[in-house]
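What would the 3D arrangement of this be:
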Amino acid sequence: MNEIQIGGRKIGQAYAPLVIAEIGINHEGNFDKAIKMVDDAYSVGCECVKFQCHVVDDEMIPAARSVIPGNATESIWDIMARCSLAEEEECALKAHVESRGMIYLNTPFSRAAAERLEKMGVVAYKIGSGECNNYPLVQHIASYRKPVVLSTGMNDVDTISPAVAILRKEKIPFALMHCTSVYPTPYDKVRLGALSTLAKAFPEAVIGLSDHSMGIYTCLAAVALGASILEKHFTSDKAWPGPDTPISINPDELKELIYGSTAIHKALGNGKTILTEEQPTIDFAYACVVAIRDIKAGELFNADNIWVKRPGTGPIKADHYYTLFNKKAKVGIKKNTQIRWDWIDKE
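Coordinates of the predicted model:
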């Protein structure tokens, strides 16, 4: 099975899904709120938190001051300028996350942001959907030769392929995240079948879901379809302002996502065999061949003198019932007695 490793955490179908709480820029540039969100994610067992690194003047030109995202009322420039953290704050945030034993991830939105994160010593890179076809930036990040988690919203196989080619060429361990860049994503636009599409198109990739629909339902379903990474926007309190708060999950939902995804992963084992743990149930639930009246030695077994009844503790189970027909009883058998193989004449 495919796997990658981020900060010592192995990720792939052999392991419970990695749940990423994307704090992103929900802290709105407030360092203390960012710390609070980290601690709240930690308190419910989250292994990984992710932020966004914005160096605004390297990320955008001033014309972005007039571009307003569909889910906002202010320009993308103003949002990022207000919500970005200073480099020293990001360093302190990373140190706090790692002091908790958690994985710190961050998405660079520009070359300067990637350089900042590399200087900080991040263990891996998350590349957002908007940068999936930004091949110069993908190449720049790949040059650091660290694992990459690549989101693929607003892209199809044709535009994802060049980014994957860069990662393959540089021998970068990578995961691909199916994503729909609609906020919130209606359930009929989530398209979980794309997980299979990505797995077939890029067979060496670890596959995951970066989800913008409401709640945790689609993430739980994705586990059954092979997703090894689940990413959801996260906030400590849905009453707090934040660019992605309306589509974010809170600590209680995050806890349920972690528990539920782990439970579903444990339940995925394939094969249809009889488990040894099922024996106590077999003992009462199976039926065995029994005498339904007294049977004399030498008498032929037939539907008039044998039938199948519980419990399942007898030596001849119901599936052998018809094989006894027209065979002779070697001994006398009392009514309601389970038939034994050594009571059957083999001649």
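
CA atoms for contacts and neighbours, from now on please.
Fine.

low pLDDT regions in the stretch 51-200 of the chain?
By pLDDT under 70, the stretch 51-200 of the chain has no low-scoring segment.

mind listing the strands for this structure?
Under the criterion DSSP state E, strands of the chain are mapped to 3-6, 9-12, 18-24, 48-53, 103-108, 125-127, 148-151, 174-179, 206-211, 229-233, 288-291, 306-309.

and those as TSV, adding distance to Leu192 and mean neighbour count?
Converted to TSV, the strands of the chain look like this (distance: least, CA to CA, whole Å; neighbours: other CA atoms under 10 Å):
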stretch	distance to Leu192	mean neighbour count
strand 3-6	21	18
strand 9-12	18	18
strand 18-24	17	25
strand 48-53	23	25
strand 103-108	23	24
strand 125-127	20	24
strand 148-151	14	25
strand 174-179	8	27
strand 206-211	8	28
strand 229-233	12	25
strand 288-291	46	24
strand 306-309	46	21
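
can you redo those as JSON lines with distance to Ile282?
JSON lines is the format used below for the strands of the chain (distance: least, CA to CA, whole Å):
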{"stretch": "strand 3-6", "distance to Ile282": "38"}
{"stretch": "strand 9-12", "distance to Ile282": "35"}
{"stretch": "strand 18-24", "distance to Ile282": "37"}
{"stretch": "strand 48-53", "distance to Ile282": "43"}
{"stretch": "strand 103-108", "distance to Ile282": "46"}
{"stretch": "strand 125-127", "distance to Ile282": "50"}
{"stretch": "strand 148-151", "distance to Ile282": "47"}
{"stretch": "strand 174-179", "distance to Ile282": "43"}
{"stretch": "strand 206-211", "distance to Ile282": "39"}
{"stretch": "strand 229-233", "distance to Ile282": "38"}
{"stretch": "strand 288-291", "distance to Ile282": "11"}
{"stretch": "strand 306-309", "distance to Ile282": "13"}
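
Kindly calculate the angle that the lengthiest helix in the chain makes with strand 18-24.
Ranked by residue count, the top helix of the chain under DSSP state H comes out as helix 251-266. Angle, helix 251-266 to strand 18-24, by axes from the mean of the first three to the mean of the last three CA atoms, to 10 degrees: 150 degrees.

And the protein, split by domain according to the record?
As given by automatic domain parsing, the domain ranges for the chain are 10-266, 276-343.

Just put the ones you listed in a markdown table and tack on distance to Ile4.
Shown next, in a markdown table, are these (distance: least, CA to CA, whole Å):
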| stretch | distance to Ile4 |
| --- | --- |
| domain 10-266 | 5 |
| domain 276-343 | 33 |
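
Could you say which of those is packed most deeply?
Among the domains of the chain, domain 10-266 has the highest mean neighbour count (mean count of other CA atoms under 10 Å), at a mean of 19.

first vs last residue of it, how far apart are they?
Using CA to CA, to the nearest Å, one end of domain 10-266 lies 16 Å from the other.

What of stretch 55-75?
One end of stretch 55-75 sits 16 Å from the other (CA to CA).

ok, residues contacting it?
With contacts defined as CA atoms under 8 Å, 6 or more residues apart in numbering, stretch 55-75 is touched by 76-78, 80-81, 84, 109-113, 183, 243.

Which pair of these spans the longest distance?
Maximum pairwise distance among the contacts of stretch 55-75 (CA to CA): 27.2 Å, between Ala112 and Tyr183.

related to what we said a few turns ago, what angle separates the longest helix of the chain from strand 229-233?
170 degrees.

same for helix 251-266, what does it pack against?
strand 18-24, helix 31-43, helix 217-224 (3 or more CA pairs under 8 Å, 6 or more residues apart in numbering; DSSP states H and E).

Could you dump those into a markdown table and include mean pLDDT and distance to Ser261?
Formatted as a markdown table, the helices and strands packed on helix 251-266 follow (pLDDT from 0 to 100; distance: least, CA to CA, whole Å):
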| stretch | mean pLDDT | distance to Ser261 |
| --- | --- | --- |
| strand 18-24 | 98 | 8 |
| helix 31-43 | 98 | 16 |
| helix 217-224 | 98 | 6 |
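
With distance to Ala199 added, can I get the ones you listed in TSV?
Output for the helices and strands packed on helix 251-266, formatted as TSV (distance: least, CA to CA, whole Å):
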stretch	distance to Ala199
strand 18-24	18
helix 31-43	30
helix 217-224	13
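
Would you confirm that Phe174 contacts Ile6?
No: using CA atoms under 8 Å, Phe174 is not in contact with Ile6; the gap is 10.1 Å.

what touches both of the two?
Contacts common to Phe174 and Ile6, judged by CA under 8 Å, 6+ apart, are Pro147.
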